[in-house]
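Visitor: test case, fold it:
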Amino acid sequence: MLVKVEGIIISETPYGDTSKIIKLFTKEYGIIGVMCKGVKSMKSRLRALTIKFTYGSFYLYYKEDKLSILKDVDVLDDFKVIKSDIVLISYLNYLMELTTQVYKQSMNSILYDLLLSGIKKINKNMNPLIITNILELKYLPFLGVGLELDACILCGSKKEIVTIDADVGGFVCKNCYTNQILVSPKTIQLIRMYYYVAIDSIRNLKISDEIVKEINFFINRYYERYTGLFLNSKKFLNKLLAM
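Guide: Sure thing, here's the model as predicted:
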């Protein structure tokens, strides 16, 4: 049957001389495979509309658990800001790979809305590292390793939180503190805010570079220790940011 789905292309694979298979993350059906016949031909109108990161309405002959067939595409946003910057493209590559892996574990359609909200904010020139960190934190519950951000992870006290530590897995209070790395009180506050904020509600992000680095360091360490995800796109992004 012919259906209309909203989605974003997360990968593409050549098929024969003139066709390709795209992996499409859709609002309605999750991640599906779609055969795009003849779209690599220079004469095809769909040639430029079936590349990675295209976000639009896709008209498909949908086949559950099989390759669907593409009929047409209406582009909803071409993300021009992102596509004009190699660093932003690297962020998007990472977010696509991360979301794919998280979706495989949870199969939750909420991830589609979270990803799209994040991409739109990056495309509006908001700090891509902050938006990426927000998404990384929001994905943790879907990986089964959500954070406890209301009390000390060691004793349950809600008083005198002095740091947040990836090795122990959350907040540490004054009484439980031993030799963990101390972070700024602002970092503690913002990690909690990142975890709970609705991405669509974010209007501006004025956060010092030092605090951004502290938050990113914690999230990287937490992912390494608890998620089991070691993504090539993340390694590449980290190398790019270190240059």
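Visitor: please make it C-alpha for all contacts and neighbour counts, starting now.
Guide: Will do.
Visitor: partners of the top strand by length along the chain in the sheet?
Guide: Assignment by DSSP state E gives strand 2-15 as the longest strand of the chain. Sheet pairing of strand 2-15 (DSSP bridges) gives strand 19-26 (antiparallel), strand 55-61 (antiparallel).
Visitor: for the ones you listed, which one ends up most surrounded?
Guide: Ranked by mean neighbour count, those are led by strand 19-26 with a mean of 22 (mean count of other C-alpha atoms under 10 Å).
Visitor: now do that strand, average pLDDT.
Guide: For strand 19-26, mean pLDDT is 96.
Visitor: need the CA coordinates for that strand. PDB is fine.
Guide: Written as PDB, here are the backbone C-alpha positions of strand 19-26 (Å, rounded to 0.1, in the frame of the first residue of the first chain):
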ATOM      1  CA  SER A  19      19.600   2.300  -7.600                       C
ATOM      2  CA  LYS A  20      20.300   2.500  -3.900                       C
ATOM      3  CA  ILE A  21      18.900   1.300  -0.600                       C
ATOM      4  CA  ILE A  22      18.300   3.900   2.100                       C
ATOM      5  CA  LYS A  23      17.800   3.400   5.800                       C
ATOM      6  CA  LEU A  24      15.000   5.700   6.900                       C
ATOM      7  CA  PHE A  25      14.200   6.700  10.400                       C
ATOM      8  CA  THR A  26      10.500   7.400  10.400                       C
END
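Visitor: next SSE downstream of it?
Guide: strand 30-36 (DSSP states H and E).
Visitor: can you give the distance of stretch 89-97 from its chain's centre?
Guide: 7 Å (C-alpha atoms, centre = their mean, to the nearest Å).
Visitor: just stretch 184-200 next, same as before
Guide: Centroid separation between stretch 184-200 and its chain, computed with C-alpha atoms, centre = their mean, is 17 Å.
Visitor: quick one: buried residues of that stretch?
Guide: 187, 188, 190, 191, 192, 194, 195, 199 (16 or more other C-alpha atoms under 10 Å).
Visitor: for these, which one is nearest residue 47?
Guide: residue 199 (32.4 Å; C-alpha to C-alpha).
Visitor: wait, the closest one sits on residue 114?
Guide: Yes. Using C-alpha atoms under 8 Å, residue 199 makes contact with residue 114 at a distance of 7.5 Å.
Visitor: next, count neighbours for residue 174.
Guide: Counted by other C-alpha atoms under 10 Å, the residues lying close to residue 174 total 13.
Visitor: who are the contact partners of the residue positioned nearest the centre of the chain?
Guide: Among the residues of the chain, the one closest to the centroid is residue 95, at 3.5 Å (C-alpha atoms, centre = their mean). Listed by C-alpha atoms under 8 Å, 6 or more residues apart in numbering, the contact set of residue 95 reads 115, 132.
Visitor: measure it to residue 135 for me?
Guide: As judged by C-alpha to C-alpha, to the nearest Å, residue 95 and residue 135 stand 8 Å apart.
Visitor: just to revisit the earlier point, okay, the strands paired with strand 2-15 in a markdown table with distance to residue 83 next?
Guide: A markdown table is the format used below for the strands paired with strand 2-15 (distance: least, C-alpha to C-alpha, whole Å):
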| stretch | distance to residue 83 |
| --- | --- |
| strand 19-26 | 18 |
| strand 55-61 | 12 |
